[in-house]
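*Asks:* fold the following and give me the result.
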Amino acid sequence: MSAQHDPEASAAEWRLAGRQRAWVYGWFSTLYAAELSDAMLTAYLAGEAAPLLGGLCALGLDAEVGRFQAALEALRNVPLVRLELAADFAQMFLLDLESGAPPYASVYAGDDPRFCGAAEAQMRQFLAVASRSIEPRFKEPADHLAVYLALMRHLLEAHADTSAIEPAAHDQADALQGALLDWLPKFVERHQRSGPQFDFYPALAALLLAFVQRDAMMLRDAAIQAA
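*Replies:* Presented below is the predicted three-dimensional model:
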């Protein structure tokens, strides 16, 4: 441990970073849980996501943020833009397992990728043991990407005030690896070849993967520094 290490400062930074990271995971979860509403799309086109995107740029994700911003800007003058983007959402996430990019871990896991496979059963079991449940209005299998992202938000919020940074960082890194990084790259690759009308969802997927990878690296560094 460095002689300059300040545990109180480290704990304060951990708390602040945890709340900010929870917000980002919650934002991603919302975007994958349902189509964008008129109000959300209007807000994004008005620049209301700028603080969040600026924070992601500060993490070194300039290229991915730039692509996402360009994808947003391309929507600005599209007639009936919400309906057009909803059509992309359906093509990517709601149709067959081969031509789109289904947001379900089971589709990308193991040697037998299929809808409602082992990953879905494991998530249902995890939710039962953790005494958690999916909102009744969310009519999707338990291994939906939005569920994993929401659980990461809850985990970060639960760890936000802990002084035991090293084990919390290890727990979060393990959760990212087991819940997301084992299949998220395949999910993102599907986006890049699925050919939606707009780049919004492919750009979003690339930004998500870059953030999760960066977050996992930062967690490993935090654990080492706290040791």
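*Asks:* how about Phe68, what does it touch?
*Replies:* Leu53, Phe200, Ala203, Leu204, Ala206, Leu207 (CB atoms under 8 Å, 6 or more residues apart in numbering). Backbone N, C-alpha and C define where each C-beta goes, glycine included.
*Asks:* how about Leu85?
*Replies:* Here Leu85 is in contact with Glu35, Leu36, Leu41, Leu75, Phe198, Phe200 (CB under 8 Å, 6+ apart).
*Asks:* hmm, try it at 6 Å
*Replies:* Leu36 (CB atoms under 6 Å, 6 or more residues apart in numbering).
*Asks:* which helices and strands sit right next to the lowest-mean-pLDDT helix or strand in the chain?
*Replies:* In the chain, no helix or strand scores lower on mean pLDDT, DSSP states H and E than helix 118-129, which sits at a mean of 80. For helix 118-129, there is no helix or strand it packs on, judged by 3 or more CB pairs under 6 Å, 6 or more residues apart in numbering; DSSP states H and E.
*Asks:* sorry, back to before: and the contacts of Phe68 as JSON lines, adding pLDDT?
*Replies:* What follows is those, written out as JSON lines (pLDDT from 0 to 100):
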{"residue": "Leu53", "pLDDT": "96"}
{"residue": "Phe200", "pLDDT": "96"}
{"residue": "Ala203", "pLDDT": "96"}
{"residue": "Leu204", "pLDDT": "97"}
{"residue": "Ala206", "pLDDT": "96"}
{"residue": "Leu207", "pLDDT": "98"}
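*Asks:* mind listing which of the residues you listed are in helices?
*Replies:* Among the contacts of Phe68, the members found in helices (DSSP state H) are Leu53, Phe200, Ala203, Leu204, Ala206, Leu207.
*Asks:* buried subset of those?
*Replies:* Those of the ones in helices among the contacts of Phe68 that meet the buried threshold are Leu53, Phe200, Ala203, Leu204, Ala206, Leu207, by 16 or more other CB atoms under 10 Å.
*Asks:* tell me the one of the residues you listed nearest Ala175?
*Replies:* Closest approach between those and Ala175, by CB to CB: Leu207, at 19.9 Å.
*Asks:* what sits up against the strand or helix carrying His191?
*Replies:* For His191, the host element (DSSP states H and E) is helix 184-194. Contacts with helix 184-194, where a contact means CB under 6 Å, 6+ apart, come from Gly100, Ala101, Tyr108, Pro202, Ala205, Leu209.
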